[in-house]
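Chemist: Sharing a model that was predicted from the sequence below.
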Amino acid sequence: MEDAVTLNVAVRTFPSKGRARVHESVMPLLAAKEGEVLLVARYPAVWDEKTMTVSVTGYADTMVDKSVIMLSPEDIASLGVAEGDRVSVTRKVTLAEKITKGATKAGRAAKDEAARAGHAAKSMAAQTGKAVEKGAKDAAGKVMPKKEEKEL
């Protein structure tokens, strides 16, 4: 996953399951806004379907150390980590973003392919036009007499 940050786990002073506090400078590193869902995984994370993650809502806090993510005891237990352990944190990409990204990629590919096809068609049309022109001149030369020849 892109934009993953490694942080140390700390227990939140006021436990609240599903919520995490990080320093305000960490949110831009995650490309996340306050209130967006963050995925937290044991470090090092492979980020595949088998990686155990916890989804938490991220909140920026100037009182939290820059190297720490504050989680509830329930979220820490769900991850199977302890206070002080390192975790990988990333912003959860929404389904709408995945669809938009895929559609944009498909649109670009279709546009590129259409441009290639258009170029190939233009090239073939030019070749066909030259061949038809040559054939027309040959046919015209056989049908119409040359200027030096007398007409009957």
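Modeler: Good, I have the coordinates. Just so you know, these numbers come straight off a predicted model, no measurement behind them.
Chemist: what's the helix or strand for the spatially most central residue of the chain?
Modeler: Centroid check for the chain by Cα atoms, centre = their mean gives K101 as the closest residue, at 5.2 Å. Assessed by DSSP states H and E, K101 sits inside helix 95-143.
Chemist: Show the average pLDDT along that helix.
Modeler: Looking at helix 95-143 alone, the average pLDDT works out to 78.
Chemist: cool, stretch 50-60 as well?
Modeler: Rounded mean pLDDT across stretch 50-60 is 87.
Chemist: buried sites along it?
Modeler: Residues T53, V54, V56, G58, Y59, A60 are the ones in stretch 50-60 that count as buried (16 or more other Cβ atoms under 10 Å). For the C-beta atoms, the positions are set from N, CA and C on the backbone; glycine is no exception.
Chemist: Mind checking which of these land in strands?
Modeler: Those of the buried residues of stretch 50-60 mapping onto strands are T53, V54, V56, G58, Y59, A60, per DSSP state E.
Chemist: Let me have those in JSON lines, extended by distance to K105.
Modeler: Below are those laid out as JSON lines (distance: Cβ to Cβ, whole Å):
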{"residue": "T53", "distance to K105": "25"}
{"residue": "V54", "distance to K105": "29"}
{"residue": "V56", "distance to K105": "29"}
{"residue": "G58", "distance to K105": "27"}
{"residue": "Y59", "distance to K105": "32"}
{"residue": "A60", "distance to K105": "31"}
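Chemist: nearest to E74, of these?
Modeler: The closest of these to E74 turns out to be V54 (Cβ to Cβ; 9.0 Å).
Chemist: on that earlier part again, so which elements touch the helix holding K101?
Modeler: Applying 3 or more Cβ pairs under 8 Å, 6 or more residues apart in numbering; DSSP states H and E, one finds that helix 95-143 contacts no other helix or strand.
Chemist: chain center to it: distance?
Modeler: 29 Å (Cα atoms, centre = their mean, to the nearest Å).
Chemist: Extract the C-alpha set from stretch 19-33 and format it as CSV.
Modeler: Once non-C-alpha atoms are left out, stretch 19-33 reads as follows in CSV (Å, rounded to 0.1, in the frame of the first residue of the first chain):
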residue,chain,number,x,y,z
ARG,A,19,-10.7,5.8,17.2
ALA,A,20,-7.0,6.6,16.9
ARG,A,21,-5.1,9.8,17.7
VAL,A,22,-1.9,10.7,15.8
HIS,A,23,0.1,13.9,15.6
GLU,A,24,-1.3,16.4,13.1
SER,A,25,1.9,16.1,10.9
VAL,A,26,1.2,12.4,10.4
MET,A,27,-2.2,12.9,8.6
PRO,A,28,-0.7,14.5,5.5
LEU,A,29,1.9,11.7,5.3
LEU,A,30,-1.0,9.2,5.1
ALA,A,31,-2.8,11.4,2.6
ALA,A,32,-5.7,11.4,5.0
LYS,A,33,-8.1,14.0,6.4
